[in-house]
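Asker: sequence and computational prediction follow.
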Amino acid sequence: MRDPRHGRDWKLQRRPRDHDKSLRAWDTADEYLIKHCHENDLPAADASLLVVNDAFGALATAFSAQYADLWSDSLLSKLATVENLQTNALPDAPTFIPGDRTPTGPYDLVLLKLPKSLAHLEDQLLKLRGVLRPGAVVIAGGMIKHSPRRAYELLESCIGETRTSLGWRKARLAIAQFDAERELPVGLESVEYKLEGFDLTLGNAANVYAREQVDIGTRLLLKHLPRSDAPLQIADIGCGNGALSLALKILCPNAEILGTDESYSAIGSARDNARRADLDVNFEVDDCLWNTPAESFDLVVCNPPFHQGSVVGDQLAWSMFCDAHRTLKPGGELLIVGNAHLGYREKLLRLFGDCESIAQDLRFVVLKTTR
Ligand SMILES: C[S@@+](CC[C@H](N)C(=O)[O-])C[C@H]1O[C@@H](n2cnc3c(N)ncnc32)[C@H](O)[C@@H]1O
């Protein structure tokens, strides 16, 4: 990525690594933010800087000399940032603030990549208010096609007067001047729902998948989870709010269950949901099952994502299937749900050598395979 502030190109990689080689680890909204700062001499030498939602560390790399704090809900983003700083021989690891915490600040300048979810954006902006110095500026960048008008309205109502830039290479910036006196919008309501067929109520933080209702693929998979009294070892990769893990604990009360997710707020919500239901399930932030040794599980379940940020693709699903294969005991089973057109069956056949369709509706298919 070309960086006019330093007059050099940074070498940046995405995570997972073995992705479609045509995908870049940055977008022109990152480049526009860097260009804007370069042209306006930002940040000032003594300013404290916060970078929010940096996808793979493009901004952290370009602003590493400013000792910026980084705030992100993604472990993959954190890992990619560390790798990219190392690759570019930038030794100073910035302070990483996970998405389920609030930075302490105070900050003079915030560079924020617009997140996919407006609820997530609103939650972040409301939290930011408490950590901005008087006169602080929040500059938000996004690709025009992924930046709804509502995002700019949220900046205006949560931070202060906001002006938008001209479009540049399909990206746009919005520059909000912090107004400490501004009367705030009511704010986000907490969201919870009952999980059909189970005595479970699921609460969800702003950035958690299926925040407002259970995912329809998950709903189909829930009907095909096994029931057992055996002391099984079970994993749920990409557990979100814990819907599948918690349902499994009810169906298999003697099982030891691990749910992992790369989103800090997903794991926070899953832990809250387990506490509330008084169910003993272990939820950990992880990249798939990176921290689990091989041949650990009798069963792995998974409802894989079919996009990473706004990029549609099966790179994350493939990582999840590979980790399931590595961590299943011989004879252990992987149970997944996916949109029928995504071609997961071929992938599982390639990895496991067998794959059975055990349920299908108009859109989704539940697949089972054995290690
Ligand atoms: C389709 S959602 C399913 C969530 C939940 N299992 C459900 O059924 O509602 C996929 C989940 O995978 C998580 N995820 C994405 N990449 C991941 C990774 N590399 N490791 C762990 N979790 C990941 C996302 O944060 C998201 O919560």
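Answerer: Yep, it's here.
Asker: going by C-alpha atoms from here, please, whenever you check contacts or count neighbours.
Answerer: OK.
Asker: what sits up against the lowest-mean-pLDDT helix or strand in the chain?
Answerer: Ranked by mean pLDDT, DSSP states H and E, the weakest helix or strand in the chain is strand 311-312, scoring a mean of 76. Outside strand 311-312, the residues that touch it by C-alpha atoms under 8 Å, 6 or more residues apart in numbering are Phe306.
Asker: likewise for stretch 322-342?
Answerer: Residues contacting stretch 322-342 (C-alpha under 8 Å, 6+ apart): 217-218, 220-221, 288-290, 292-304, 344, 351-352, 363-371.
Asker: need the pLDDT of the residue nearest to Ala25 when sequence neighbours are not counted.
Answerer: Closest residue in space to Ala25, ignoring its immediate chain neighbours: Arg14 at 4.8 Å, by C-alpha to C-alpha, 6 or more residues apart in numbering. pLDDT recorded at Arg14 is 92.
Asker: Arg14: helix or strand, and which one exactly?
Answerer: Using DSSP states H and E, Arg14 is not contained in any helix or strand.
Asker: sorry, back to before: after the least confident helix or strand of the chain comes which helix or strand?
Answerer: helix 315-327.
Asker: adjacent strands (with direction) for whatever helix or strand comes next after that next one?
Answerer: In the C-terminal direction, the helix or strand that comes right after helix 315-327 (DSSP H and E) is strand 328-339. Looking at strand 328-339 with DSSP bridges, its partner strands are strand 297-302 (parallel), strand 364-370 (antiparallel).
Asker: what sits up against the longest one?
Answerer: For strand 364-370, the surrounding residues in contact (C-alpha under 8 Å, 6+ apart) are 217, 220-221, 330-340, 345, 348, 352, 354-360.
Asker: can you pull the residues of the stretch 251-371 of the chain lying near the ligand?
Answerer: By C-alpha under 6 Å from any ligand atom, the residues of the stretch 251-371 of the chain that approach the ligand are 260-263, 286-288, 303-305, 316.
Asker: closest to Leu70 among those residues?
Answerer: Checking those against Leu70 by C-alpha to C-alpha gives Ser263 as the nearest, at 14.9 Å.
Asker: so the residue nearest to Ala25 sits against Asp27, correct?
Answerer: No. Using C-alpha atoms under 8 Å, Arg14 makes no contact with Asp27, being 11.6 Å away.
Asker: more neighbours, the two?
Answerer: Arg14 (24 against 17; other C-alpha atoms under 10 Å).
Asker: so how far is Met143 from the more buried one?
Answerer: Distance of Arg14 to Met143, given as C-alpha to C-alpha, to the nearest Å: 18 Å.
Asker: also Asp361?
Answerer: Taking C-alpha to C-alpha, one finds Asp361 at 35 Å from Met143.
Asker: of these two, which one has the most company?
Answerer: Met143 (22 against 11).
Asker: from memory that one sits against Gly167, does it?
Answerer: No. If you go by C-alpha under 8 Å, Met143 and Gly167 don't touch, sitting 9.0 Å apart.
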